[in-house]
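>>> here are the coordinates; sequence isn't available:
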């Protein structure tokens, strides 16, 4: 086992989730809550996958988080990412977020 494998298992899910969020940005109006909650959900499972790959408490991690679909295949972050996105969307609607994360930065760009 090399150290590259746990590090990649930590970084790849977060990168893939960010790419998916940008691609589907128009579906949720770019609300910041969706981005934050998705990355929290993906990041937590990615950390657990990386620890399991590094043989740090692998049996405990499997026993506690084995109920998450696809977790034993290293893809549990997909489910938690989707759940996080839904929770973030609900939060953004409850808070009445008016400013979208990406749209705000694009509209503030001045072209001269």
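It's in. The model shown is predicted, which means the values in this text are computed figures rather than measured ones. Numbering: from 1, shown residues only.
>>> hey, where'd the helices end up in the protein?
Listed in chain order, the helices of the chain (DSSP state H) span 4-23, 32-53, 58-65, 76-95, 101-107.
>>> any idea how many residues pack against the closest residue to residue 72 other than its chain neighbours?
Nearest residue to residue 72 in three dimensions, chain neighbours excluded: residue 66, at 6.2 Å (Cβ to Cβ, 6 or more residues apart in numbering). Just so you know, the C-beta spots here come from the backbone N, C-alpha and C atoms, and that holds for glycine as well. Neighbourhood size, residue 66 [other Cβ atoms under 10 Å]: 10.
>>> could you measure residue 54 against residue 9, distance?
9 Å (Cβ to Cβ, to the nearest Å).
>>> who's more crowded, these two?
Remark: of residue 54 and residue 9, residue 9 carries more neighbours, 21 against 16, as counted by other Cβ under 10 Å.
>>> where's that one relative to residue 77, distance?
On the measure of Cβ to Cβ, residue 9 and residue 77 end up 9 Å apart.
>>> shared neighbours of those two, which are they?
Common contact partners of residue 9 and residue 77 (Cβ atoms under 8 Å, 6 or more residues apart in numbering): 46, 49.
>>> pull the helix or strand with minimum mean pLDDT from the protein.
Ranked by mean pLDDT, DSSP states H and E, the helix or strand of the chain with the weakest confidence is helix 101-107, at a mean of 53.
>>> ok, the residue nearest to residue 72 touching residue 73?
No. The criterion here is Cβ atoms under 8 Å, and residue 66 misses it with residue 73 at 11.2 Å.
>>> which residues of this protein score low on pLDDT?
1, 98-112 (pLDDT under 70).
>>> if we can go back for a sec, tell me the most buried of the helices of the chain?
helix 32-53 (a mean of 21; mean count of other Cβ atoms under 10 Å).
>>> which other residues reach that one?
1, 5-7, 9-14, 17-18, 21, 28, 57-58, 61-62, 65, 68, 71, 74, 76-77, 80-81, 83-85, 87-89, 91-92, 95, 97, 99-101.
>>> then stretch 3-12?
46-47, 49-51, 53-54, 74.
>>> and that stretch, how far out from the chain middle?
A distance of 15 Å separates the centroid of the chain from that of stretch 3-12, by Cα atoms, centre = their mean, to the nearest Å.
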